[in-house]
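> build me a model:
(one chain, ligands or ions: 2)
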Amino acid sequence: MPPFAICSNQSCIYTFDMQVDKESHFKIPSLLCPKCKSKVILYCRECYSPLFHRPGQQDPRCGYCMAQLKEPMRR
Ligand SMILES: [Zn+2]
Ligand SMILES: [Zn+2]
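Ligands and ions are numbered 1, 2, ... in the order given. Got it, this is the predicted structure:
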């Protein structure tokens, strides 16, 4: 279980901290952001590493490969 998870919605900065928010453990994998109901990102989409580091809210990146965790904004 990754210690952190973030919302996949670009405009939402919700971050799950599994160490604090123990209730979230029971909601995974049907975990959705409680704010906007978007999918939640648990793993880096480039290297599939779990989110071991708390991602930044403005520009969340993987702690291993530094890939952006959220999909780039579509224009
Ligand atoms: Zn959200
Ligand atoms: Zn990565």
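
> for Cys44, which non-adjacent residue is closest in space?
Closest residue in space to Cys44, ignoring its immediate chain neighbours: Cys62 at 3.8 Å, by C-beta to C-beta, 6 or more residues apart in numbering. Every C-beta, even on glycine, is put in place using the N, C-alpha and C of the backbone.

> name the element Ile6 belongs to?
Assigned by DSSP states H and E, Ile6 belongs to strand 4-7.

> name the next helix or strand following that strand along the chain.
strand 15-17.

> identify each buried residue in that next one, please.
For strand 15-17, burial by neighbour count (16 or more other C-beta atoms under 10 Å) applies to Thr15, Phe16.

> for that strand, which strands pair with it and how are they oriented?
Strand 15-17 sits in its sheet next to strand 4-7 (antiparallel), going by DSSP bridges.

> close to ligand 2: what parts of this structure are there?
Cys44, Glu46, Cys47, Ser49, Cys62, Tyr64, Cys65, Ala67 (C-beta under 5 Å from the ion).

> next, format the residues you listed as JSON lines and append distance to Phe4, secondary structure and pLDDT.
Output for the residues of the chain next to ligand 2, formatted as JSON lines (distance: C-beta to C-beta, whole Å; DSSP: H, G, I helix; E, B strand; the rest coil; pLDDT from 0 to 100):
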{"residue": "Cys44", "distance to Phe4": "11", "secondary structure": "coil", "pLDDT": "94"}
{"residue": "Glu46", "distance to Phe4": "16", "secondary structure": "coil", "pLDDT": "95"}
{"residue": "Cys47", "distance to Phe4": "15", "secondary structure": "coil", "pLDDT": "96"}
{"residue": "Ser49", "distance to Phe4": "11", "secondary structure": "coil", "pLDDT": "94"}
{"residue": "Cys62", "distance to Phe4": "11", "secondary structure": "coil", "pLDDT": "94"}
{"residue": "Tyr64", "distance to Phe4": "13", "secondary structure": "coil", "pLDDT": "92"}
{"residue": "Cys65", "distance to Phe4": "16", "secondary structure": "coil", "pLDDT": "95"}
{"residue": "Ala67", "distance to Phe4": "15", "secondary structure": "coil", "pLDDT": "94"}
